[in-house]
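Asker: structure here, sequence nowhere to be found:
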């Protein structure tokens, strides 16, 4: 490949990147645009907010669905039919950005996006009795059970100090 | 904003739709089935002890469901709320056999590192039904 061609390609990529990122952000922050299978909500949301499939790349979902009997310390096993059906749906709707790398332990809460979005949250806030776990999305994201993570649907978790409450909107 | 509404309605409707594979039952019926499999009558007190004890692991059933599961429990890891287990406080509890079996299988492995015996399930059910 010639240098010019490579350069043109790079420029094109850079031009389309903001658009691609904007679409991605819309998928995360708006309502869940795709309908969630009933079994997905029933099974996954019994223990934690049912994460929108776009929050993880396909490889992570494949590993998670292949090891549900050892799911972050608990047995979350499903029957084979549900594993197959939900696994396929997760693959079809996973994070499709080419650069999406699999987060450590395939945790949504360790993705680059999650960490960037929550970088200003103090460690003490995560440990509040009203929060306790980064997987407890509903502590702040009131629409998490519907896949909505918009900043408009945020609430302050109980137990923040006056200083933290004052800094909330920053 | 408006496009969200129909979707929300759809999701709610979907959640309310009866499950195709649901196997309707009652807590009392389930207890009988487990007692028959164990070939012994259930004992509520034994069920209470099983429910509130750790079985060599980190958790008891009560770690998430509460010592007296007549109110809303809280998942020990994710902090998600869990509906009351005692049938007198939750009419949906123990009414779908497939669901009951699934949760016994998963949670017994988490708590006791093995599946529960029919006798243990009968005991726990007898105790839960005694809670008023």
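Answerer: Yep, it's here. What you see is a predicted model; the values in this text were computed from it and never measured. Residues are numbered from 1 along each chain as shown, chains lettered A, B, ... in the order given.
Asker: what's the average pLDDT for whatever helix or strand residue A:41 lives in?
Answerer: When elements are assigned from DSSP states H and E, residue A:41 belongs to helix A:38-44. Throughout helix A:38-44, pLDDT has a mean value of 93.
Asker: tell me the first helix or strand C-terminal of it.
Answerer: helix A:58-66.
Asker: what's the offset of that next one from the middle of its chain?
Answerer: 14 Å (CA atoms, centre = their mean, to the nearest Å).
Asker: so where does the residue nearest the centre of chain B fall, helix or strand?
Answerer: Among the residues of chain B, residue B:85 comes closest to the average C-alpha position under CA atoms, centre = their mean, at 5.5 Å. Using DSSP H and E, residue B:85 maps to neither a helix nor a strand.
Asker: ok, and the closest non-adjacent residue to it?
Answerer: residue B:69 (3.9 Å; CB to CB, 6 or more residues apart in numbering or on different chains). Yep, even glycine has a C-beta here, placed from its N, CA and C like the rest.
Asker: list the contacts for the one you found?
Answerer: B:51, B:61, B:62, B:84, B:85, B:86, B:128, B:131 (CB atoms under 8 Å, 6 or more residues apart in numbering or on different chains).
Asker: try residue A:43
Answerer: So residue A:43 contacts A:76, A:78, A:82, A:86 (CB under 8 Å, 6+ apart).
Asker: check which helix or strand the residue nearest to residue B:85 maps to.
Answerer: Applying DSSP H and E, one finds residue B:69 in no helix or strand.
Asker: just residue A:130 next, same as before
Answerer: Using DSSP H and E, no helix or strand contains residue A:130.
Asker: OK, contacts around the spatially closest residue to it that is not a sequence neighbour?
Answerer: Among residues not flanking residue A:130 along the chain, residue A:158 sits closest, at 4.1 Å (CB to CB, 6+ apart). Listed by CB under 8 Å, 6+ apart, the contact partners of residue A:158 are A:128, A:129, A:130.
Asker: neighbour-wise, which of the residues you listed leads?
Answerer: The residue in those with the most neighbours, by other CB atoms under 10 Å in any protein chain shown, is residue A:128 (16 neighbours).
Asker: ok, and the closest non-adjacent residue to that one?
Answerer: residue A:159 (4.4 Å).
Asker: you'd agree the one you found is in a strand?
Answerer: No: using DSSP: H, G, I helix; E, B strand; the rest coil, the assignment for residue A:159 is coil, not a strand.
Asker: unless I'm mixing things up, it is touching residue A:130, no?
Answerer: Yes: counting by CB atoms under 8 Å, residue A:159 touches residue A:130, with 5.3 Å between them.
Asker: next, residue B:111: phi, psi?
Answerer: Main-chain dihedrals, residue B:111, degrees, to the nearest 10: phi -90, psi -50.
Asker: how many residues are close by it?
Answerer: So residue B:111, with other CB under 10 Å, has 25 neighbours.
Asker: so where does the nearest residue to it once chain neighbours are set aside fall, helix or strand?
Answerer: Nearest non-adjacent residue to residue B:111, counting by CB to CB, 6+ apart: residue B:59, 5.3 Å away. With secondary structure defined by DSSP H and E, residue B:59 is part of neither a helix nor a strand.
Asker: contacts only, for residue B:59.
Answerer: Here residue B:59 is in contact with B:76, B:110, B:111 (CB under 8 Å, 6+ apart).
Asker: which of those residues has the weakest pLDDT?
Answerer: residue B:76 (90).
Asker: gap between that residue and chain A?
Answerer: Per CB to the nearest CB, to the nearest Å, residue B:76 is found 9 Å from chain A.
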